[in-house]
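Participant: when you get a sec, could you give me coordinates for this:
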Amino acid sequence: MKQLPRLILISVFAVFALSIFAFGENKKIVFLADGGKNSKTHAHESGNALLAKALEDSELGFETSLYKGWPSDPKAFDGADCVVIFCNGGRRHLVMPHLDQFEKLIDSGVGFVFMHYAVEVPKGRGGDLMLKAMGGYFETYWSVNPHWTAEIKSLPEHPITRGVKPFTQDDEWYFHMRFQPKGVTPILSAHPPKSTMDRKDGPHSNNKHVRKSMAEGQIQHIGWAYERPNGKGRGFGTTGAHYHHTWASHDWRTLILNAITWTSGVEVPEKGVPSKSVVIK
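Facilitator: Numbering: from 1, shown residues only. Prediction:
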């Protein structure tokens, strides 16, 4: 009986320690953007700021930082659990002048989320690293970038889809992405209309590969989750987010917040990451 107070003390301390571990240690999310176009399309900085505030307000233990361009601060990525990149793509992509550092972050297990144009980099080392980071990317002369309305009729059972209902969204949904053969879970999938094949062939418009895929009636994946081999981190990519006003959609916003949460290694709440309604004019 004399041991009882000591056992109680140990139990209380253990619970306290577990609580600190589970809730007290913030997850660090680094957001990168470039200037984008304007307030209505490719509003990269505004979109990142909106998502960062929602994560901070969620009380899930997130610490966020926002950067325009690749950070000059050598400590910017220290302790980062996830890096969210929302920027122009191709040769102007923020990672292109920093591929060595990008690869080190991937190899260290940092999660990556890429949105819209940020899923495109030139084929070669850049494309290989995007596949390594998030399991897929926009490859010229393979992928296409038309505007169309995607009807998301069903969603897979996955932490990223918690609290999200099927939805319909007009966007510049790129599709026919280049994917890793293993580890990729489609999250958003839809059948593009035949009108997306009306454009002439080109590096972004159309090509024989996507025409064949469409002729066969294959569903196209426009949002996906990726678990790297041997538990070496996670990634998420989506081709939507061309229009800034889409963040007002509860289901779209929740899905992206869930994706950042999952990619950073945090358990997604059963009803999804909570966020306040957003009014965008």
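
Participant: please tell me how far residue 26 sits from residue 56.
Facilitator: 10 Å (Cβ to Cβ, to the nearest Å). In this view, the C-beta of every residue, glycine as well, is placed from N, C-alpha and C.

Participant: with residue 258 instead?
Facilitator: To residue 56, residue 258 is 16 Å away according to Cβ to Cβ.

Participant: likewise residue 100?
Facilitator: If you go by Cβ to Cβ, the gap between residue 100 and residue 56 works out to 31 Å.

Participant: go on, residue 243?
Facilitator: For residue 243 relative to residue 56 (Cβ to Cβ), the value is 24 Å.

Participant: of these two, who's got more company?
Facilitator: Each of residue 243 and residue 56 has its neighbours counted (other Cβ atoms under 10 Å); residue 243 has more, 20 against 15.

Participant: these two touch, right, that one and residue 41?
Facilitator: Yes - judged on Cβ atoms under 8 Å, residue 243 makes contact with residue 41 at a distance of 5.9 Å.

Participant: OK, contacts around residue 270?
Facilitator: Counting by Cβ atoms under 8 Å, 6 or more residues apart in numbering, residue 270 makes contact with 162, 163.

Participant: so it is in which element?
Facilitator: Counting by DSSP states H and E, no helix or strand carries residue 270.

Participant: tell me the phi and psi of it?
Facilitator: Dihedral pair for residue 270: phi -60, psi -30, per degrees, to the nearest 10.

Participant: list the residues that contact residue 55.
Facilitator: The contact partners of residue 55, taken as Cβ under 8 Å, 6+ apart, are 29, 62, 64, 257, 260, 261, 273.

Participant: try it again with 6 Å
Facilitator: By Cβ atoms under 6 Å, 6 or more residues apart in numbering, residue 55 lies in contact with 62, 64.

Participant: SS state for it?
Facilitator: What DSSP: H, G, I helix; E, B strand; the rest coil gives for residue 55 is helix.

Participant: ditto for residue 114
Facilitator: Under three-state DSSP, residue 114 falls in the strand class.

Participant: from residue 95, how far off is it?
Facilitator: In this structure, residue 114 and residue 95 are 9 Å apart, going by Cβ to Cβ.

Participant: how about the helices in the stretch 151-281 of the chain?
Facilitator: 208-215, 250-263 (DSSP state H, counting those that start in this stretch).

Participant: for the residue most central in space within the chain, list each beta-bridge partner.
Facilitator: The centre of the chain sits closest to residue 113, judged by Cα atoms, centre = their mean, with a distance of 3.2 Å. Taking DSSP bridges as the rule, residue 113 bridges to residue 84, residue 236.

Participant: hang on, it packs against residue 84?
Facilitator: Yes - shown here, residue 113 and residue 84 form a contact pair, counting by Cβ atoms under 6 Å, at 4.5 Å.

Participant: which residues do the two both contact?
Facilitator: With Cβ under 6 Å, 6+ apart as the test, residue 113 and residue 84 both reach residue 260.

Participant: let me see the contact set for the residue nearest to the centre of the chain.
Facilitator: Taking Cβ under 6 Å, 6+ apart, we find residue 113 in contact with 84, 236, 259, 260, 263.

Participant: what's the answer for residue 253, then?
Facilitator: So residue 253 contacts 247, 275 (Cβ under 6 Å, 6+ apart).

Participant: please report how far it lies from residue 200.
Facilitator: For residue 253 relative to residue 200 (Cβ to Cβ), the value is 35 Å.

Participant: can you say which of the helices of the stretch 151-281 of the chain is packed in most?
Facilitator: Of all the helices of the stretch 151-281 of the chain, helix 250-263 has the most neighbours on average by mean count of other Cβ atoms under 10 Å, namely a mean of 24.

Participant: only alpha carbons, please: show it as CSV.
Facilitator: C-alpha atoms of helix 250-263 as CSV (Å, rounded to 0.1, in the frame of the first residue of the first chain):
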residue,chain,number,x,y,z
HIS,A,250,-15.9,24.5,-47.5
ASP,A,251,-15.2,21.1,-49.0
TRP,A,252,-12.2,22.2,-51.2
ARG,A,253,-10.7,24.3,-48.3
THR,A,254,-11.1,21.4,-45.9
LEU,A,255,-9.5,18.9,-48.3
ILE,A,256,-6.4,21.0,-48.7
LEU,A,257,-6.1,21.7,-45.0
ASN,A,258,-6.5,18.0,-44.3
ALA,A,259,-3.8,17.3,-47.0
ILE,A,260,-1.3,19.6,-45.3
THR,A,261,-2.1,18.1,-41.9
TRP,A,262,-1.7,14.6,-43.1
THR,A,263,1.5,15.4,-45.0
